[in-house]
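Give me the fold of what follows.
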Amino acid sequence: MEVVTTVQEMRQAVARARAAGARIGFVPTMGALHEGHGALVDASVAECDVTVVSIFVNPLQFGPAEDFHKYPRDLEADKAFCQARGVDFIFAPSEKEMYPEPPRAFVEVEELTAGLCGAFRPGHFRGVTTVVTKLFHIVMPDVAYFGQKDYQQLAVIRRMVDDLNFPVEIRGVPTVREADGLAMSSRNRYLNPEERRAATALYRGLTAAKALLEQGERNADRVRQRVREELAKEPLVREQYVEVVDADDLSQVSYIDGRVAVAVAAFVGTTRLIDNIVFDPSAERTE
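Alright, predicted model coming up:
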């Protein structure tokens, strides 16, 4: 495994691999790697000849009051994690390497970024799509892997790739959970033991919504209310949103007659967590 820190070196390494006929898989991350990232890496290693993992905490996607400076960073642990899983290259640029000057050009996806997390984190998705565009141009992957836990991000990236004709296949990988259902997240390490226990309310709420949907409920308000009932049982949990949206364009729905995502964001103590399930009434199952 090689650790590359400059754009030029990364481009040269990928060019050599592609010249040898390799299929390139790419997993963009902000580091603090866990088993959720591991599922993305494993998928790439299984399906591609060469796997590149980027580790870059992107300042463009953090608001002024968010956790950019305290976001967990442990490159040595991330290196060991990637080495053990068969990663070929880590791309770990500095902020100065990625943004040698203050950026003046940005990539923005409209409509899909207006609701859910986008309503509460202005500029976040512009930062995500801009850095992912830069990374795609640097790595030039054949396939890029994103987790379904960040469902809105996955939908936004898919739309960006489709609209702008990026020559890359986007693969969504199912959410990886702890034994008690909590979705794995780098921010889980912010939680103290009491908050960690309370955080399972998000998954309990989604599980209750899943049961309701599988019993035939199609009224989105009643599904949302069922999630909120579970969140309300935990004093340490403060709901930010609970929504039922079209699984493709993320528009709000009132009656569920197509594939939908039930998405939740909540603060547990001071830590913001997100989670979701996807339900397809034609198959009567959740993803």
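
Around residue 140, how many other residues sit close by?
Here the number of neighbours of residue 140 (other C-beta atoms under 10 Å) works out to 18. Just so you know, the C-beta spots here come from the backbone N, C-alpha and C atoms, and that holds for glycine as well.

Would you mind confirming that it makes contact with residue 18?
Yes. Here residue 140 reaches residue 18: they are 7.4 Å apart, a contact under C-beta atoms under 8 Å.

what sits in contact with each of the two?
residue 24 (C-beta atoms under 8 Å, 6 or more residues apart in numbering).

Do you have the helices of this structure handy? List them.
In the chain, the helices defined using DSSP state H lie at 7-19, 35-47, 75-84, 95-98, 117-120, 124-139, 151-164, 193-198, 201-214, 220-231.

what's the closest of these to residue 176?
Comparing those by their distance to residue 176 (C-beta to C-beta), the top pick is helix 35-47, with 4.3 Å.

what mean pLDDT would you report for that closest one?
The predicted model assigns helix 35-47 a mean pLDDT of 98.

Please name every helix or strand in contact with that helix.
If you count contacts as 3 or more C-beta pairs under 8 Å, 6 or more residues apart in numbering; DSSP states H and E, helix 35-47 packs onto strand 24-29, strand 50-55, helix 75-84, strand 143-147, strand 169-173.

excluding its backbone neighbours, what's nearest the residue nearest to the spatial centre of the chain?
In the chain, the C-alpha closest to the average C-alpha coordinate belongs to residue 150, at a distance of 3.3 Å (C-alpha atoms, centre = their mean). Leaving out its chain neighbours, the residue that sits closest to residue 150 by C-beta to C-beta, 6 or more residues apart in numbering is residue 274, at 7.1 Å.

Quick check: that neighbour vs residue 100, distance?
For residue 274, the distance to residue 100 (C-beta to C-beta, to the nearest Å) stands at 32 Å.

cool, and residue 55?
For residue 55, the distance to residue 100 equals 19 Å [C-beta to C-beta].

Among residue 274 and residue 100, which residue is more densely surrounded?
More crowded of residue 274 and residue 100, by other C-beta under 10 Å: residue 274, with 21 against 10.

Who does that one form a beta bridge with?
Bridge pairing for residue 274 (DSSP bridges) gives the partners residue 265.

Dump stretch 113-131 to PDB, restricted to CA.
Output of stretch 113-131 as PDB, limited to C-alpha atoms (Å, rounded to 0.1, in the frame of the first residue of the first chain):
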ATOM      1  CA  THR A 113     -30.100  19.700  -1.400                       C
ATOM      2  CA  ALA A 114     -32.900  22.000  -0.300                       C
ATOM      3  CA  GLY A 115     -34.500  19.700   2.400                       C
ATOM      4  CA  LEU A 116     -33.300  17.200   5.000                       C
ATOM      5  CA  CYS A 117     -29.800  18.000   6.100                       C
ATOM      6  CA  GLY A 118     -29.500  20.700   3.500                       C
ATOM      7  CA  ALA A 119     -32.100  22.800   5.200                       C
ATOM      8  CA  PHE A 120     -30.100  22.900   8.400                       C
ATOM      9  CA  ARG A 121     -26.500  22.900   7.000                       C
ATOM     10  CA  PRO A 122     -26.400  25.700   4.400                       C
ATOM     11  CA  GLY A 123     -23.500  25.300   2.000                       C
ATOM     12  CA  HIS A 124     -22.800  21.700   3.200                       C
ATOM     13  CA  PHE A 125     -23.700  19.900   0.000                       C
ATOM     14  CA  ARG A 126     -22.000  22.500  -2.200                       C
ATOM     15  CA  GLY A 127     -18.800  21.700  -0.200                       C
ATOM     16  CA  VAL A 128     -19.400  17.900  -0.700                       C
ATOM     17  CA  THR A 129     -20.100  18.100  -4.400                       C
ATOM     18  CA  THR A 130     -17.200  20.400  -5.000                       C
ATOM     19  CA  VAL A 131     -14.600  18.200  -3.200                       C
END
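
If anything else comes up later, I'll come back, but that's it for now.
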